[in-house]
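# Structure for the following, please:
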Amino acid sequence: MNVHAIAAIYRFEMARAFRTIVQSIAAPVITTSLYFIVFGAAIGRRMPALDGVSYGAFIVPGLIMLSILTESISNGSFSIYMPKFSGTIYEVLSAPISAVEIILGYVGAAASKSVLLGIIIAITARLFVPYHIAHPFVALAFLALTSVTFSLFGFLTGVWADGWEKLSIIPMMVVTPLTFLGGSFYSISMLPEPWRQIALGNPVVYLISGFRWAFYGISDVSVGTSLLMTLGFLLACLMAVTWIFRTGWRLKT
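So this is what the prediction gives:
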């Protein structure tokens with residue numbers, strides 16, 4: 001494996017993120033902080049506790065996950081779409097590096113940015129809402145796994161997109177609504193039937209539920225089920241990316 005090639009792609013993508021730090025880091029942190037101020041510090045004081053956790057603290061994992069999902073997809077999609085748009089994708093594809101090394105470089109950088117963003121948001125949340133993390137290593141594992149999975153999904157989105165407007169369709173029109181309806185601001189158990197069963201068909205429910213369990217030991221579904229769903233989606237993304245590199249679908253268009 002060409003470690004130098006992976007490191008070169010990784011360093012380039014990370015450097016680009018820090019050159020646009022206002023857009024990459026500051027903007028999502030400020031946006032999420034507004035949620036903490038409105039729903040956590042203001043409205044949260046008037047809301048009853050959920051499963052023994054104050055409402056402000058209850059929404060912390062969901063809001064972190066909301067930022068992680070959208071930013072992972074955006075980072076992953078932009079990292080591969082920009083070389084396609086500028087034409088430098090031909091240099092990457094003709095270089096003596098494998099598909100695995102290309103993916104490790106691009107997706108590794110996108111996931112690293114998402115993990116860093118998640119940690120910053122978690123630290124920022126303490127300024128507005130008191131909370132604790134019961135299982136910090138599990139929380140970090142879920143954070144890293146989710147970041148890698150959705151960075152891969154973003155990579156697929158970037159390959160599929162043939163215009164700048166398409167890069168925002170999936171994060172804004174699909175992932176954000178699913179996250180809002182996936183238990184970011186409430187527990188799925190609060191929904192009446194049949195809406196609770198319908199909500200369980202939302203894959204984001206399992207991500208938020210597993211991440212919330214790592215914080216407070218409470219969840220809408222078992223942490224094992226959440227982990228299996230995340231790993232299943234990761235495997236599906238890996239299979240799709242493998243197929244793309246084998247066939248060259250949209251990589252050279």
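# going forward, measure contacts between C-alpha atoms and count neighbours the same way
Will do.
# correct me, but residue 7 touches residue 105?
Yes - at 6.6 Å, residue 7 counts as touching residue 105 under the criterion of C-alpha atoms under 8 Å.
# From the neighbour counts alone, determine which of the two ranks first.
Between residue 7 and residue 105, counting by other C-alpha atoms under 10 Å, residue 105 is the more crowded of the two (22 against 17).
# Am I right that the more buried one sits in a helix?
Yes - applying DSSP: H, G, I helix; E, B strand; the rest coil, one finds residue 105 inside a helix.
# pLDDT wise, what is it at?
In this model, residue 105 is scored at 90, pLDDT.
# That one: what's it in contact with?
Counting by C-alpha atoms under 8 Å, 6 or more residues apart in numbering, residue 105 touches 5, 6, 7, 8, 9, 10.
# for residue 171, same thing?
For residue 171, the contact set (C-alpha under 8 Å, 6+ apart) comprises 69, 70, 73, 74.
# Between these, identify the one with the most neighbours.
Counting neighbours by other C-alpha under 10 Å, the one among those with the most is residue 73, which has 31 neighbours.
# helices or strands next to whichever strand or helix holds that one in the packing?
Assigned by DSSP states H and E, residue 73 falls within helix 60-86. Packing partners of helix 60-86 (3 or more C-alpha pairs under 8 Å, 6 or more residues apart in numbering; DSSP states H and E): helix 27-35, helix 99-125, helix 136-160, helix 176-180, helix 203-216.
# could you give the mean pLDDT of the first one?
Same thing as helix 27-35. 88.
# what's the answer for the fourth one, then?
Confidence over helix 176-180 (mean pLDDT, whole number) is 87.
# Flag every buried residue along it.
176, 178, 179, 180 (16 or more other C-alpha atoms under 10 Å).
# would you put the C-alpha positions of the following helix or strand past that helix in CSV?
Following helix 176-180 in sequence order, the next helix or strand is helix 195-199 (DSSP H and E). The C-alpha coordinates for helix 195-199 follow below in CSV (Å, rounded to 0.1, in the frame of the first residue of the first chain):
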residue,chain,number,x,y,z
TRP,A,195,-46.2,6.4,13.9
ARG,A,196,-43.8,4.7,16.2
GLN,A,197,-43.5,1.7,13.9
ILE,A,198,-43.2,3.9,10.9
ALA,A,199,-40.4,5.9,12.6
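# Low-confidence stretches in this protein?
Filtered on pLDDT under 70, the chain yields the residue ranges 41, 251-253.
# So for it, the centremost residue is which one?
residue 69 (2.5 Å; C-alpha atoms, centre = their mean).
# before we move on, back to that, any idea which of the helices and strands packed on helix 60-86 is most buried?
Mean neighbours per residue, mean count of other C-alpha atoms under 10 Å, is largest over those for helix 203-216, with a mean of 25.
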